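Asker: Show me the folded form of this:
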Amino acid sequence: MVKNYKELALRDRNKFIENGADAGFFEWLGSKGTNYSCYEEYLKGRTEQQMINVDISNIRTIVYALQCPFTFKYFYWTLLVFILHKFNFKKPVMKLILCHYIFRTLGDICNQLGGLYNNYYSTQIHYPKGLPPTYECKNNAIHPFKWFISRQVSTVLWYVGEIFGDWYPLLRTKAVVKNNKLIWFVYGTCGIFNFSKILLIILHVLHSPTKLYNDRGAYDDDNSTHFYSLYYINQFSIIIASVIYDISVYFVLKRTIFKNNKFELGFLKKFKNLSEYRILISSLFSIIFLPIISVVIIIKYYVLNDDNYRALDFNFETTRIMITGVQYYMIFIDQILLICYKDQSSYINSNSSSNILNYSNGILNKSQEIKCQSSIESSDTLKYNDYHNYYSNPNNNIFLNSKINNINNENGNINSSYYYEMLNLEKQA
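Answerer: Take a look at the predicted model:
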């Protein structure tokens, strides 16, 4: 046991706010509890090894915080996109991804540092039916500084980072849709979506660390219930705004791009080659699954406000984060496939041109024949029968020329209208 526990406790005597004492914001952040006797009792029951373990735990928490930029779940995706774009941060998309990474990583760091403040010594009051209230010590209550750094500051950083990521579908849609009336519809729904997250930030900022404990030094359950009731209402509004935003993106792309262009490709081909199709898939995923989570949030709201069921652990936050994370994963998938498509298109175009220049009088050697066949068969617009017809008539040079020109023309119909505009977003934004 710690022999000098009273001396240790006396060093922190002035850091306790007891009996509803008037204290300012920074005094609450620097406090250690609302019940000094509980602190003494806590130190009295500790061993030397346990005290050392506290220091080791604090060091481990700091190390984990420093690792956050590398353990961030989108870190490797972000790094890969940066490498593919050759760290060219002049592009609007790169700026957006960088801000998304920085703010959300800083939020993770602040949340991790909150682990340095796991102990707060307060009074816990129980109200048994028909009996007077009972009091006991609670040593792991919510620390005001932990609330400040891991809930207020982290929430601001997390949701600001998310807002940057939420602009991606708008940026991509704006690059290809020239109808100003329709694009303003996407602007409006994106603004509503962002505003719903700003409201959540404001909710956390207004729930001050100075209001966490009542005059008796106990955690204010009523104030907490009121906060989380508003929190779940706000989360529900974010889901609704997200679905509306996704529907607007889907509607505008369907109305402008896919109405005017008929892509006779399979699902995987469309997903691989068409950026808009990937955005549509992401939007449809949110439209289908987010309402399911909204039902869970509604149930949680009613459970929270019913004293008989308040203790039920009706939490599906991990599922909600998984579903909302799909749209952020799609940012990186879209960028990677865009760059791969660009490189593939450049290869096919150069290959087609070289094949035209390398044959003479309609006669190709075997190696040239294989190369040309590979290039032609890579296009969905040129069938094998056409290729076979050419070789059955070696003098039909005009036939090959016309078919390759048709390939280039069809590629141009798909790409020149909108696709390469996406590859050069820095010129569009």
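Asker: Which residues are in contact with residue 325?
Answerer: For residue 325, the contacting residues are residue 73, by CB atoms under 8 Å, 6 or more residues apart in numbering. In this view, the C-beta of every residue, glycine as well, is placed from N, C-alpha and C.
Asker: Would you mind extracting the C-alpha trace of stretch 204-214 into CSV?
Answerer: Below are the C-alpha coordinates for stretch 204-214, written out as CSV (Å, rounded to 0.1, in the frame of the first residue of the first chain):
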residue,chain,number,x,y,z
HIS,A,204,-21.2,19.6,-28.1
VAL,A,205,-19.7,23.0,-27.6
LEU,A,206,-22.7,24.2,-25.7
HIS,A,207,-22.6,21.2,-23.3
SER,A,208,-19.9,22.8,-21.2
PRO,A,209,-17.6,20.8,-18.8
THR,A,210,-18.7,23.2,-16.1
LYS,A,211,-22.3,21.7,-16.2
LEU,A,212,-21.3,18.0,-15.9
TYR,A,213,-21.8,17.8,-12.1
ASN,A,214,-24.5,19.1,-9.9
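Asker: So what touches that stretch?
Answerer: Residues contacting stretch 204-214 (CB under 8 Å, 6+ apart): 17, 20, 23-25, 28-29, 34, 122, 142, 144-145, 147-148, 151-152, 155-156, 219-220, 223-224, 227.
Asker: now swap in stretch 57-76 and tell me
Answerer: 78, 100-101, 104-105, 108-109, 112-113, 115-116, 325, 328-329, 332.
Asker: Tell me the most packed of those, by neighbour count.
Answerer: Within the contacts of stretch 57-76, most neighbours by other CB atoms under 10 Å means residue 104, with 25 neighbours.
Asker: Hmm, which of the contacts of stretch 57-76 is lowest in pLDDT?
Answerer: The lowest pLDDT within these belongs to residue 325, which sits at 85.
Asker: in this structure, which spans are strands?
Answerer: 122-126, 134-138 (DSSP state E).
Asker: Could you identify which of these is most buried?
Answerer: Compared across these, strand 122-126 shows the largest average neighbour count, a mean of 18 (mean count of other CB atoms under 10 Å).
Asker: Counting by contacts, list what that one packs against.
Answerer: strand 134-138 (3 or more CB pairs under 8 Å, 6 or more residues apart in numbering; DSSP states H and E).
Asker: relative orientation of the strand it packs on and strand 122-126 in degrees?
Answerer: Computed by axes from the mean of the first three to the mean of the last three CA atoms, to 10 degrees, the angle separating strand 134-138 from strand 122-126 equals 140 degrees.
Asker: for this structure, which helix is longest?
Answerer: helix 221-256 (DSSP state H).
Asker: quick one: low-confidence ranges for the stretch 301-429 of the chain?
Answerer: Filtered on pLDDT under 70, the stretch 301-429 of the chain yields the residue ranges 306-317, 341-429.
Asker: Tell me how many other residues crowd the nearest residue to residue 109 once chain neighbours are set aside.
Answerer: Once flanking residues are discounted, residue 109 sits nearest to residue 68: 4.6 Å by CB to CB, 6 or more residues apart in numbering. For residue 68, the count of nearby residues is 19 (other CB under 10 Å).
Asker: For residue 106, see how far away residue 68 is.
Answerer: To residue 106, residue 68 is 8 Å away according to CB to CB, to the nearest Å.
Asker: Could you list the low-pLDDT ranges of the stretch 51-200 of the chain?
Answerer: Ranges of the stretch 51-200 of the chain meeting pLDDT under 70: none found.
Asker: residue ranges for the helices of it, please.
Answerer: Using DSSP state H, counting those that start in this stretch, the helices found in the stretch 51-200 of the chain span residues 75-84, 92-113, 144-147, 154-176, 180-206.
Asker: Sort out which residues of the fourth one are buried, please.
Answerer: Residues of helix 154-176 classed as buried: 154-176 (neighbour count, 16 or more other CB atoms under 10 Å).
Asker: Determine the set of other helices and strands touching it.
Answerer: helix 92-113, helix 180-206, helix 221-256, helix 275-304, helix 326-358, helix 420-423, helix 425-428.
Asker: Against which helices or strands is the longest one packed?
Answerer: The elements that helix 221-256 packs onto, with contact taken as 3+ CB pairs under 8 Å, 6+ apart, are helix 154-176, helix 180-206, helix 275-304.
Asker: Going by neighbour count, which residues of it are buried?
Answerer: Applying 16+ other CB under 10 Å to helix 221-256 flags 227-228, 230-232, 234-246, 248-250, 252-253, 256 as buried.
Asker: and residue 219, bridged to which residues?
Answerer: residue 213 (DSSP bridges).
Asker: mind listing what it touches?
Answerer: Residue 219 neighbours (CB under 8 Å, 6+ apart): 122, 124, 138, 141-142, 212-213.
Asker: separation between residue 59 and residue 158?
Answerer: On the measure of CB to CB, residue 59 and residue 158 end up 25 Å apart.
Asker: Present the helices of the stretch 51-200 of the chain as a markdown table; the columns should include distance to residue 50.
Answerer: Formatted as a markdown table, those follow (distance: least, CB to CB, whole Å):
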| stretch | distance to residue 50 |
| --- | --- |
| helix 75-84 | 35 |
| helix 92-113 | 22 |
| helix 144-147 | 20 |
| helix 154-176 | 29 |
| helix 180-206 | 33 |
